[in-house]
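Novice: Need coordinates for the following:
(chains A, B, C and D)
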4 protein chains.
Amino acid sequence: MGLLVSREEKKEDTVIRVGNATIGDGSLCIIAGPCTIESRGQLEEVAEGLAKTSTNILRGGAFKPRTSSYSFQGMGKDGLDLLSRAKAITGLPTISEIVDIADLSLFDDVDILQVGAKNMQNYTLLKALGKQEKPVLLKRGWANTISEFLESAEYIYREGNHNVILCERGIRTFETSTRNSFDINAIPLLKEKSHLPVIGDPSHGTGVSGLVLPVSMAIVAAGADGLMIEVHNNPECALCDGFQSINLEEFKLLENRARIYEKIRNFNCTSI
Amino acid sequence: MGLLVSREEKKEDTVIRVGNATIGDGSLCIIAGPCTIESRGQLEEVAEGLAKTSTNILRGGAFKPRTSSYSFQGMGKDGLDLLSRAKAITGLPTISEIVDIADLSLFDDVDILQVGAKNMQNYTLLKALGKQEKPVLLKRGWANTISEFLESAEYIYREGNHNVILCERGIRTFETSTRNSFDINAIPLLKEKSHLPVIGDPSHGTGVSGLVLPVSMAIVAAGADGLMIEVHNNPECALCDGFQSINLEEFKLLENRARIYEKIRNFNCTSI
Amino acid sequence: MGLLVSREEKKEDTVIRVGNATIGDGSLCIIAGPCTIESRGQLEEVAEGLAKTSTNILRGGAFKPRTSSYSFQGMGKDGLDLLSRAKAITGLPTISEIVDIADLSLFDDVDILQVGAKNMQNYTLLKALGKQEKPVLLKRGWANTISEFLESAEYIYREGNHNVILCERGIRTFETSTRNSFDINAIPLLKEKSHLPVIGDPSHGTGVSGLVLPVSMAIVAAGADGLMIEVHNNPECALCDGFQSINLEEFKLLENRARIYEKIRNFNCTSI
Amino acid sequence: MGLLVSREEKKEDTVIRVGNATIGDGSLCIIAGPCTIESRGQLEEVAEGLAKTSTNILRGGAFKPRTSSYSFQGMGKDGLDLLSRAKAITGLPTISEIVDIADLSLFDDVDILQVGAKNMQNYTLLKALGKQEKPVLLKRGWANTISEFLESAEYIYREGNHNVILCERGIRTFETSTRNSFDINAIPLLKEKSHLPVIGDPSHGTGVSGLVLPVSMAIVAAGADGLMIEVHNNPECALCDGFQSINLEEFKLLENRARIYEKIRNFNCTSI
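Specialist: The predicted model follows:
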C-alpha cells in the first residue's frame, strides 16, 4: 500500500487555496517577503512593493529557529501582529513559520503555517499540525531523502489535514561555494510521486543572491507549482540571511521572467 | 567570546553522575539496552543480562520518532513503567528518549533524558530541557557539523542545565554499505573543543551488527567517555533496528574488550 | 591573480566551433547520441534519427571507463570507426571519451575529446590534452567542488589549448532515488566565474529517464550553453546506462521544448 | 561469482612482504615520512629520525597530483633519487606515488607503488600496474563507495598482480572542521569483504595534525593492518599539507602508543 500522499493513492493534483492564491493548479504561485520580520517599516516597505507585482503570498518570519542561540530569534507575537497589518494593507495572504504548537493561537490571522527544514522530522509538531485546519508548507530537511520527506508529509496528512505543500530548499553537500545544493531533480520527482503541490526555495537553495534569479527560472522550467523568495528592502542590513536576499528591483525582474516561463511551460506547443 | 560549552570558557571536564554511574571523569561509561522497549519479558531479560556485566546505564526507548508514521512508535508511558521496574530490579540508572516536553512528568524515574538526532535542532525542546534538572544526552544530527552540534548543546546549557552529554552517532554520506558513516574524528575534536562528556553510538554509527564491536574499540581508543550500544535478547525479532543490535553474548565480548582498551588508554606508559 | 579560465582574466565568453556547431555564443548546443557505441546498426539508427532534429553534435562512447572491470568496456578503435561513418552520413561533428593519451591518434576524425568524471583529476591526461589542438569537454567529478573543477580546466588551458568546455553532470549525495543530484546552482555559478562554455548532462545528472526532460528544461532556463543527452534506439537493451537513456521519440519532444526555452531566455523582454 | 579480491574467492589473508616489512599478517605495519620530498636535508633528517623508531616503511612523494597546477608538483626523478639514498642509509623499504605509467622505470628502487585517491578510477593506470610486479597501495577515492573501491582493486588484481594494499584515507562529507571524515567503518568492513591488507591514513583522514594521534589509535583498535602517517621535520614550513603533518617527537609518541594497541588487540584475553 502506498502512502496517502502518493500518486498511487490519489491521481489528481491536490489544489490549495488561500485568499486569492492557488497552489497546485498548474499556475505558478509566487511567495515572497523578508526572511525575518524586523520592524513595521521594513515589513510594510517590502509588502507594499510586492503588492505592486504579481506576488501571490507574503512571507515573513516571526519565530526563527536559529542555529546559534545568540542570534536574533525573531519578533515573535509582535512580528505576527505586523504581518497581520501588512496583510490588511496589501490584501495578500500570508505564511509564517511555527516552531511550537503551543504558539498556534498566535497564528490565527496567518494563512499558511510553515515547518522549517530543522523540524522536518519533529513528529510531535507534524502530528499536531495535522490536527488543525490551516494549510502547512513543509520544507525538506537538508539531509533528508525524497522518501523521508514524503513520510513526514504523511504524518500531517493522515491526521486529517490534506492541505500540505512540499518545499525543496536545497540539500547539504560537500560543495562550499553555495550554501546548499538545490536539488532540481526533486521537483519533477516529487510531482511524479505525490499529488501534493511542490514549490522551490532558491534563496536557501543557493544562499547566494546572484544565483536566485537563474535558479528560479530553472525551478519554474522543471515544473514547480511555486517559488518562495526572500526579498528585503535593504539586504545588506538584514538581520538574517541578507546574503541570499534580493531587493525589490531584483525581484521585479525575477517575477517578470518567471511569469514568461510559466506561460511557456504550459504552452505545449512546438513554436512561438 | 566562546560558547559556554567550549573549552575556552571552562577548562576542566564536566563530570556527570547518575546513580552509581559517572560520565566524563576519564573512565568509560557503558550504556546498553534495547533500542525499543517491547515487553516486560524482553526488557527484563536484557536488563538482567546486562546487570551481570560492567554496564553502567540501562537504555530503553519508549517514545520512538520513526521515519514512517506506520512503524511502531513505542510503548509510551507503559514502556517507561517497565523501564522503572527494570531499574528497581537491576539497580542500574536509566536513559530514555523524550520527543515532547509535555511528556516530562512521565520521565520522573528516568535518570537521563535523550534527545535524538532528528530533534537536534528542535530548539523548542532543547530550551525546555535546559530549564529542568535531569542530565540530557544530545545526539548529533546526521547532517550537522560539529559547530552546529555545539550550538545546540548551548541552547540547553545556557538555560541553566549544565549536565549535557554529547553523542556522536554517525553521519549521512554517499556510502551505502553502512547505515551511517561513524565520524571518528568527531570524538577527539569534540573533546578538544568542549568540556562536556562525549560518547559514541556504534549501533547507529554503523547500522551493521558485525561492525559494532570493532568500531566500539575504535571509539574507546579515540578517547570517548562512553559507549551507547543496542543490545537485544533476540535481534532477529526486534521491532526496531534489529539489524544493528547485538545479543547478550556478543555484548559480553564487546564489553570485556572495551574495558581492556579503557585501561590501556589511561596507562600513558611506553610498554606493557 | 586569478586563473586563466576565470572571468577576471578574460571577460568575453570563449566560443568554440566544430563543424557547423557553435558552443558558448549564447545559443543552445545540443549534443546527443548513445552512451556507448554497440554496433553499426545501433549507432546509425540513432545518428540518422538525430540528424532529422536540431541536434548539433553526435556523441558516442568507444572507450568506457566502467566501475567494474567485468562490464563491457566499449568497442575501442572499431567504435571510433563506426562514429566516423556516422559522421560522414549525417554531417554532424562528433564527441567521444578518451581515457589514455596513447590512444590520441585513433581520435583523428573525432571533433571533441571528452574527459569523464572519473578522470577529472587525472592530471597526466589533462596536461597531455592541453598540448594538442582538439577541443576538450571536461566533466565535473561527482565529488569535486566548483573550485577544483576550474583548477582542472586550468591544467588543460594553460598548456595552450583554450578550447575547453565545462560539463556539470550531477554530484554524489545521500539521495538514493536518483543516481546523482544535478547541481543546478553550478550552471550560473560557472558562467559567472569562468568565460568557458558550460553545458549540462541531465542523463547522468538524474540517472532516471523520466526526469531527463524536465531537468533539461531547467538547465536551459538556468543559462547553460548546451545539453548532453543520452539517446538510444532501444534503451531497455542498452549495454550501458539504459535506465537513463531516452528514445528518439522522447528526444524529439525534449529538443523541441528546449528550443522554445532557448528563444525565451534570450528574449529579455517583459511580455510575449 | 565474487570478485577475485573478495573473501568469498580467497579465505586466507593476503600477506605482502617488502624488505623487512610485512603487511597483512596481523602485525601493524607503520608507514611514515614526508608528504612530499623537498630536499636531501629534509628527507634524510626525517628518514634517519624514523629509522630510530619502529617504522616499517618510508614514504615520500616525488610526483604530486596537486589540485592547482600552480602548486609545487614534486621533485620528480630527483626526488626518487633522494628516496633511494634515504633507503640505502636507513635500510627501510620505500613507497612513493606514481601518476603516469610512463614513469615506471624511474621507480626501480621503490618498493611499493602508490595510487592516490584522485586516480582510484584511472583504469588505464590501474591495468598497467596490474601487469607489473611491484606491490601497489591503492587509496580509496574520497567519494567512492567500498564497493567501487574493491572493483578498482580488482582492475589491478585480475591482471596478475596480487599484491594490492587497500588504504582508507577519509571521505568527503559536509563537515568543514576536518579536511575529510575518516570512515572508520571501512576498516572492519574491508577486512570482512576482502582478503587484501587494509591500512588507514589519519593524516589525510583528518587533515588536522592534532587529531592524527587519537584517530591512529582508533584505526589500530578497529583492526587495520597498518598506518600511513605524514611526518615532517618542520611541519610549519612544509611545501605540501603541513597542517596535517606531525613532527618526529609527536610521531614517537604516536608510534609508541600504537605498538601498545597492536599488542592488546592481538591478546584475545579477558584481563591484563
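Novice: which residues does residue A:85 contact?
Specialist: For residue A:85, the contacting residues are A:40, A:43, A:44, by CB atoms under 8 Å, 6 or more residues apart in numbering or on different chains. Where C-beta positions appear, they are placed from N, C-alpha and C, glycine not excepted.
Novice: does it sit in a helix, a strand or a coil?
Specialist: helix (DSSP: H, G, I helix; E, B strand; the rest coil).
Novice: now it: how far from chain C?
Specialist: 31 Å (CB to the nearest CB, to the nearest Å).
Novice: Name the residues of the helix or strand hosting residue A:88 that are buried.
Specialist: Using DSSP states H and E, residue A:88 sits within helix A:77-90. The neighbour-count check on helix A:77-90 (16 or more other CB atoms under 10 Å in any protein chain shown) flags A:79, A:80, A:81, A:82, A:83, A:86, A:87, A:90 as buried.
Novice: re the thing from before, for chain D, state which of the contacts of residue A:85 is nearest.
Specialist: residue A:43 (33.4 Å; CB to the nearest CB).
Novice: Could you tell me how many residues sit around the closest one?
Specialist: 24 (other CB atoms under 10 Å in any protein chain shown).
Novice: List the contacts of it.
Specialist: Counted by CB under 8 Å, 6+ apart, residue A:43 has contacts A:33, A:34, A:37, A:60, A:82, A:83, A:85, A:86.
Novice: what comes up buried for the helix or strand hosting it?
Specialist: Following DSSP H and E, one finds residue A:43 within helix A:40-51. In terms of neighbour count (16+ other CB under 10 Å), helix A:40-51 has its buried residues at A:42, A:43, A:44, A:45, A:46, A:47, A:49, A:50.
Novice: Name the nearest residue to the last one, ignoring sequence neighbours.
Specialist: Spatially, and ignoring its direct neighbours in sequence, residue A:50 is nearest to residue A:32 (5.3 Å; CB to CB, 6 or more residues apart in numbering or on different chains).
Novice: tell me the SS of the one you found?
Specialist: Applying three-state DSSP: residue A:32 is strand.
Novice: if I look at it, how far off is residue C:164?
Specialist: 38 Å (CB to CB, to the nearest Å).
Novice: And these two? Which one has more around it.
Specialist: Taking other CB under 10 Å, residue A:32 and residue C:164 do not tie; residue A:32 has more neighbours (28 against 25).
Novice: just checking, that one touches residue A:245?
Specialist: No: judged on CB atoms under 8 Å, residue A:32 makes no contact with residue A:245 at a distance of 10.3 Å.
Novice: Give me the common contacts of the two.
Specialist: By CB under 8 Å, 6+ apart, the residues touching both residue A:32 and residue A:245 are A:230, A:231.
Novice: Ramachandran coordinates for residue A:175?
Specialist: Main-chain dihedrals, residue A:175, degrees, to the nearest 10: phi -70, psi 130.
Novice: residues in the stretch 51-200 of chain A within reach of chain D, list them.
Specialist: By CB under 8 Å from any CB of the partner chain, the residues of the stretch 51-200 of chain A that approach chain D are A:143, A:172, A:173, A:174, A:176.
Novice: In contact with the spatially closest residue to residue A:7 that is not a sequence neighbour, which residues?
Specialist: Of all residues not flanking residue A:7 in the chain, residue A:195 sits nearest, at 5.6 Å (CB to CB, 6+ apart). Going by CB under 8 Å, 6+ apart, residue A:195 touches A:5, A:6, A:7, A:9, A:10, A:11, A:12, A:13, A:14.
Novice: ok, now residue A:229?
Specialist: A:30, A:31, A:32, A:201, A:202, A:203, A:212, A:216, A:246, A:251, A:254.
Novice: same thing with residue A:188?
Specialist: Here residue A:188 is in contact with A:222, A:223, C:210, C:211, C:214, C:215 (CB under 8 Å, 6+ apart).
Novice: Mind checking which of these land in helices?
Specialist: C:210, C:211, C:214, C:215 (DSSP state H).
Novice: out of these, who's near chain A?
Specialist: Answer for the ones in helices among the contacts of residue A:188 near chain A (CB under 8 Å from any CB): C:210, C:211, C:214, C:215.
Novice: CSV for the residues you listed, including neighbour count and pLDDT?
Specialist: CSV is the format used below for these (neighbours: other CB atoms under 10 Å in any protein chain shown; pLDDT from 0 to 100):
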residue, neighbour count, pLDDT
C:210, 14, 96
C:211, 27, 98
C:214, 26, 98
C:215, 29, 98
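Novice: Closest one of those residues to residue C:102?
Specialist: residue C:215 (35.8 Å; CB to CB).
Novice: mind checking how far the residue nearest to the closest one when sequence neighbours are not counted is from residue C:49?
Specialist: Excluding the flanking residues, the one nearest residue C:215 by CB to CB, 6+ apart is residue C:202, at 4.1 Å. To residue C:49, residue C:202 is 19 Å away according to CB to CB.
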